[in-house]
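1. Got a predicted structure plus its sequence, pasted below:
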Amino acid sequence: MSRAGAEFEAFLRRRGLRMTRQRRAILEEILGSRSHLTADHLEERLRRAGERAAKATVYRTLAMLVEGGLLEAHDFGGGTTYYEPILDRDHHDHMVCIGCGRITEFRSPAIEELQDEQARSHRFTPVTHSLKIFGYCARCVRRRSPGTPPRRLPGPAGPVPASQPSGPIRGRPR
Ligand SMILES: [Zn+2]
Ligand SMILES: [Zn+2]
């Protein structure tokens, strides 16, 4: 059995519960996905795998996996909870595209250090954190601005100097 399976089984035992076929199937499915899934995604995957699990079972099992420290639940806006396996994974944060829902993971030691520094300066002891950047992925930016060439054309002005602030909205009067 996988380490996650063993940990989940131990967690269930502490609750006086058993590892059932359905619980195992749910665990294996979400561990195998290596991405961010909703309960609906999971239900669909289980169905395709020939596993029958009621939605209530899926939700309850997901909640137990979060409690047992095997999954992390994310609110990426829009009112849907996304789940991702966290066992044996490094901490990372997310960029969320509000156009198409694409989720991009990123790791920045510099940002982590700054957050710790802020916590220390407020004499705050952090336990966990979740940083989400909401916006538009490159594909959605291209789709949303018709007529804009995908790449900036080389012009007489040359590259924008680093000191000049350049936001996502270009070429509009301020
Ligand atoms: Zn997008
Ligand atoms: Zn993630």
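-> Thanks, I have it. Numbers count the residues shown, from 1 in each chain. Ligands and ions are numbered 1, 2, ... in the order given.
2. give the contact list for the closest residue in space to C97 that isn't next to it in sequence.
-> Once flanking residues are discounted, C97 sits nearest to C137: 4.0 Å by C-beta to C-beta, 6 or more residues apart in numbering. For glycine as for every other residue, the C-beta is placed from the backbone atoms N, C-alpha and C. Neighbouring residues of C137 by C-beta atoms under 8 Å, 6 or more residues apart in numbering: M95, C97, G99, C100, R102, T104.
3. One more: R24?
-> So R24 contacts G5 (C-beta under 8 Å, 6+ apart).
4. Return the per-residue confidence for it.
-> Residue-level confidence at R24 comes out at 93, pLDDT.
5. again with G155
-> 45.
6. picking that back up, of the contacts of C137, list those near ligand 1.
-> Restricting those to those touching ligand 1 (C-beta under 5 Å from the ion) yields C97, G99, C100, R102.
7. The first one bridge partners, please.
-> Spelled out, that is C97. C97 has these beta-bridge partners by DSSP bridges: G135.
8. What residues does the protein have near ligand 2?
-> So the chain meets ligand 2 at E84, E105 (C-beta under 5 Å from the ion).
9. rerun that using 8 Å as the cut-off
-> S35, H36, E72, H74, E84, R89, H92, D93, H94, I103, E105 (C-beta under 8 Å from the ion).
10. Would you write a PyMOL line that selects the buried entries of those?
-> Burial among these is assessed by 16 or more other C-beta atoms under 10 Å; the matching PyMOL selection reads:
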select buried, resi 36+72+74+84+93+94+103
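11. from the residues of the chain next to ligand 2, which two are the most distant?
-> Largest separation among the residues of the chain next to ligand 2 by C-beta to C-beta: S35 and D93, giving 15.3 Å.
12. Run a quick neighbour tally on M64.
-> Other residues lying near M64 total 19 when counted by other C-beta atoms under 10 Å.
13. And it, which helix or strand is it part of?
-> Using DSSP states H and E, M64 sits in helix 55-67.
14. And that helix, what does it pack against?
-> Helices and strands touching helix 55-67, by 3 or more C-beta pairs under 8 Å, 6 or more residues apart in numbering; DSSP states H and E, are helix 3-14, helix 21-33, helix 39-48, strand 71-75, strand 81-85.
15. close enough to count as contact, R23 and R15?
-> No: if you go by C-beta atoms under 8 Å, R23 and R15 don't touch, sitting 11.6 Å apart.
16. Mind listing the shared neighbours of these two?
-> Listed contacts common to R23 and R15 are M64; contacts here mean C-beta under 8 Å, 6+ apart.
17. Give me the more crowded residue out of these two.
-> Neighbours per residue, other C-beta under 10 Å: of R23 and R15, the larger number sits with R23, 21 against 10.
18. May I have the phi/psi pair for I133?
-> Here is the backbone geometry of I133 (degrees, to the nearest 10): phi -110, psi 120.
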